[in-house]
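Visitor: Sharing a sequence plus its predicted fold:
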Amino acid sequence: MWVKKHLISMGDLSVNEITKILDTAKMFSVSDQSKIKTYDTLKGKTVVNLFYEASTRTRTSFEIAAKRLSADTVNFSAESSSVGKGETLLDTVRNIEAMYPSIIVVRHPLAGTPLLLSKRVRVNVVNAGDGPHEHPSQALLDMMMIRDVKKDFKDLEIAIIGDIAHSRVARSNIIGLKKMGANVRVSGPPTLVPKVIEKLGVKVEYDMNKVLKGCDVIMMLRLQLERQSQKLFPSKREYARFFGLNAERLKLAKPDAIIMHPGPMNRGVEISSEVADSSRSKILGQVSNGVAVRMAILHLLAGGGQLYENSH
Amino acid sequence: MWVKKHLISMGDLSVNEITKILDTAKMFSVSDQSKIKTYDTLKGKTVVNLFYEASTRTRTSFEIAAKRLSADTVNFSAESSSVGKGETLLDTVRNIEAMYPSIIVVRHPLAGTPLLLSKRVRVNVVNAGDGPHEHPSQALLDMMMIRDVKKDFKDLEIAIIGDIAHSRVARSNIIGLKKMGANVRVSGPPTLVPKVIEKLGVKVEYDMNKVLKGCDVIMMLRLQLERQSQKLFPSKREYARFFGLNAERLKLAKPDAIIMHPGPMNRGVEISSEVADSSRSKILGQVSNGVAVRMAILHLLAGGGQLYENSH
Amino acid sequence: MWVKKHLISMGDLSVNEITKILDTAKMFSVSDQSKIKTYDTLKGKTVVNLFYEASTRTRTSFEIAAKRLSADTVNFSAESSSVGKGETLLDTVRNIEAMYPSIIVVRHPLAGTPLLLSKRVRVNVVNAGDGPHEHPSQALLDMMMIRDVKKDFKDLEIAIIGDIAHSRVARSNIIGLKKMGANVRVSGPPTLVPKVIEKLGVKVEYDMNKVLKGCDVIMMLRLQLERQSQKLFPSKREYARFFGLNAERLKLAKPDAIIMHPGPMNRGVEISSEVADSSRSKILGQVSNGVAVRMAILHLLAGGGQLYENSH
């Protein structure tokens, strides 16, 4: 039975809850467009995507997930919203709530916003990314991929490489993977990987080559190019040289290590095309898992009962 | 039986028609997300939202209303439309009409645009706000709230306070409320409340404290902050002092007076948070009514027959 | 039986395939909003509109077509997409593909983009306009109109007038119409109608009055006003004088010649209002045909089986 009303952070989720989401997502997972099924879970119900940051894949992934559960979906974006008219975020959300949607999916540049909202409204809230804080649905889809390939998290060696300091993807993955028994090591330039991150229970190692040794999973993060103007790294070229994953460097990992990236990729910067397009890359599989995991989240928050295939 | 083909202005509607819309809306009204029902009225039909002004709540309210009647909805916005390519409004609308939607919901900055369109096209037109002129669906949702609480409009004392001169919400409410037998008084700075407004049959009183005395309903209008640069009021602080509704001032109204606001609110300007969040505030109820009233409008324009709950 | 997986260009289509699309579109064609039917073809399937150029009518036409086949539709636009984040087009499309849509409808400013994509992805691709290259669904809806009125293409005399050099509409129509046995002549200022266009099998004639003589169909193209700043024509007024279609000039064509325009129109420039609004103008009929043709394209690409009316 599922009892949580909101999905705000990986920190909130128990091992059982993570397992329940991944098991449910597995039921929604297909290997081929022709096998897509739709379900009645959210028929006649409304899912609102409230995005205060531009997004393609996450918003679309939630939108497609909601539609495959037969929801009506409505998209709000910051630009067209009343935010520009001086309305408070809470008033905006309460207004949306007053139209009686079932679930609000919210992305916001400020850490903690979805948590705050979830305490002040009655509608179910899903965090689709809050500043540098958390991005739980991304971590869950990543974990789904790791479990698909590696079967179990126990004692896996997982390397996360890049801008750890600003990455909600890294943060949510670290929390979730640790909880499930994996070991996590991180690497990147010291300006983007503060030593204090070790408090999350990860090992910091600034030499990427050392980090790769013995890894089962390599999770590359997107380099936010705007960090360059903030002087947090000198050049794309130098970044690629020290922290880019290429075929040569990949040999340092275990022979069956898989490669992941949350997208969008900077090819030739944090990851070479040869690696990104190799059979060991699970990057597109992550995207497919994203829809399945988001269907699972919406299905569970909506009550999580018996699955009825759409009658058509 | 419903015969009107378009919903353009409160001035067009008879007492019977207003009552019919409010009665129909009542059938669509729910008190809780779990009680939402959807209907077959617009199944297989298309509703186009054609918005030449940015809007969140009105567009979304119409979109959700249409979807709960099983319509397919398509959103047009001015930015992405062919307007920027020099096409006339009428050509744009005739093009949309040629794709055979059932209803076009139009918001436009120029007063009279929906009326003009309704005379030149065959498709049903709903006015979702035309410049400073009318916003009939807003007036109807406000009137629904007043009727819900006060049971009857006859001899009610209703105060509308703020920028009466530029407010289509005020205008549509004044026309509708007068028609139903209520008395309307208005207040605000003389720059925003011209004496000539009395021609609509309302009483103008520049002292807000006097206006509140004996009121059953207080309708606060949003202060358009851009009016300040037009020198129509000196400062937000001074505006709040003379025309803001706060707990102290509220005591002047009847003890059971209700408070309304079309949103988005400027908290601390035209309304204090204490008042906005009090049990006498009906502001979120107005938003809920908005969906019900718009379902009623779309249902009636689409033929208004028997209601069939969506078969799922 | 339909075998093509993608719809990329008129050049790809055989006479039989063009006929099949037009025949299928005819089944979807209605003369009135009340006769609209919806079908189950794409029930539970997703159609993605991926538009890298602003568009109203084409995107909406595809969106409505998809919805009338019961598809879920998702709109991507260039602005909100990851393109701005440095992702390659191919990565964006592969990401969308990984969410398992059935069909991607793509518009892109670069000629050849849809073809390139179709070779690299497994999902069905529809070209909704690629730079100055092709716009096959527009040509097909134009051809549907011509066939509706003239019954057969054989030996028809068709004039296309305007900016032939930059027009994907002209290009796709020329290819399709020639294939079906029509004769095509083009006219416009020499800066916009290079003599080399005769290689497509059309006759170039710079005197519009001569071109009109004996025409069965007059297809006026939209004048892209930005061509003026490129010095490709001197003024709108002069353009209208030499290449605008007005009632006087129309007398030169056959008495039963029809007038077409892909929209949006510049009234008073390439076409006078008198002509655009006359009974011989098929401009709004083209828009209606657009939905029917796009339903046919989506239906055929999705397998093209038996048509099942939506069960409601």
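Guide: Sure, I can see it. Fair warning: this is a prediction, and the values are worked out from it, not measured in the lab. Numbering: from 1, shown residues only, chains lettered A, B, ... in the order given.

Visitor: How is chain A partitioned into domains?
Guide: What automatic domain parsing lists as the domains of chain A is A:10-134+A:290-301, A:136-286.

Visitor: Is chain C within reach of the last one?
Guide: To tie it back to what came earlier, the one meant is domain A:136-286. Yes - counting by C-beta under 8 Å from any C-beta of the partner chain, contacts between domain A:136-286 and chain C involve A:Leu225, A:Gly263, A:Pro264, A:Met265, A:Asn266, A:Arg267, A:Leu284, A:Gly285. No exception for glycine: its C-beta is placed from N, CA and C like everyone else's.

Visitor: hmm, back to that, among the domains of chain A, show the one with the smallest mean pLDDT.
Guide: Here the domains of chain A differ in mean pLDDT, and the lowest is domain A:10-134+A:290-301 at a mean of 93.

Visitor: now the end-to-end length of it.
Guide: The separation between the terminal residues of domain A:10-134+A:290-301, taken as C-alpha to C-alpha, to the nearest Å, is 15 Å.

Visitor: quick one: it near chain B?
Guide: Yes - applying C-beta under 8 Å from any C-beta, one finds that domain A:10-134+A:290-301 is in contact with chain B at A:40, A:43-46, A:70, A:72, A:74, A:76, A:80-82, A:84-88, A:91-92, A:94-102, A:122-123.

Visitor: what's near enough to touch A:Gln144?
Guide: Actually, residue A:144 is Met rather than Gln. Contact partners of A:Met144, counting by C-beta atoms under 8 Å, 6 or more residues apart in numbering or on different chains, are A:Leu22, A:Ala25, A:Lys26, A:Ser29, A:Asn289, A:Ala292, A:Val293.

Visitor: Please tell me which one of these counts the most neighbours.
Guide: By neighbour count, taken as other C-beta atoms under 10 Å in any protein chain shown, the most surrounded of the contacts of A:Met144 turns out to be A:Val293 (30 neighbours).

Visitor: Can you report phi and psi for it?
Guide: Comment: the main-chain dihedrals of A:Val293 come out as phi -70, psi -40, following degrees, to the nearest 10.

Visitor: what about the closest residue to chain B within the stretch 151-300 of chain A, how many residues close to it?
Guide: Here the stretch 151-300 of chain A gets closest to chain B at one residue, A:Leu298, 14.5 Å apart by C-beta to the nearest C-beta. As a burial measure, A:Leu298 scores 28 neighbours (other C-beta under 10 Å).

Visitor: A:Ile103 is in contact with that one, correct?
Guide: Yes - A:Leu298 is in contact with A:Ile103 according to C-beta atoms under 8 Å; the separation is 6.1 Å.

Visitor: what's the overlap in contacts for those two?
Guide: Contact with both A:Leu298 and A:Ile103 is made by residues A:Leu42, A:Val47, A:Ala66, A:Ala71, A:Val126, according to C-beta under 8 Å, 6+ apart.

Visitor: Can you flag which of those belong to helices?
Guide: With helices taken from DSSP state H, the overlap with the shared contacts of A:Leu298 and A:Ile103 comprises A:Ala66.

Visitor: Of the shared contacts of A:Leu298 and A:Ile103, which fall within the contact range of chain C?
Guide: When C-beta under 8 Å from any C-beta is taken as the criterion, no member of these contacts chain C.

Visitor: Throw the shared contacts of A:Leu298 and A:Ile103 into TSV and include neighbour count, thanks.
Guide: Written out in TSV, the entries for those read as follows (neighbours: other C-beta atoms under 10 Å in any protein chain shown):
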residue	neighbour count
A:Leu42	25
A:Val47	26
A:Ala66	28
A:Ala71	24
A:Val126	24
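
Visitor: Just the shared contacts of A:Leu298 and A:Ile103: which are in strands?
Guide: A:Val47, A:Val126 (DSSP state E).

Visitor: now, which of the shared contacts of A:Leu298 and A:Ile103 sits nearest C:Val3?
Guide: Proximity of the shared contacts of A:Leu298 and A:Ile103 to C:Val3 was ranked by C-beta to C-beta; the top entry is A:Ala66 with 34.1 Å.
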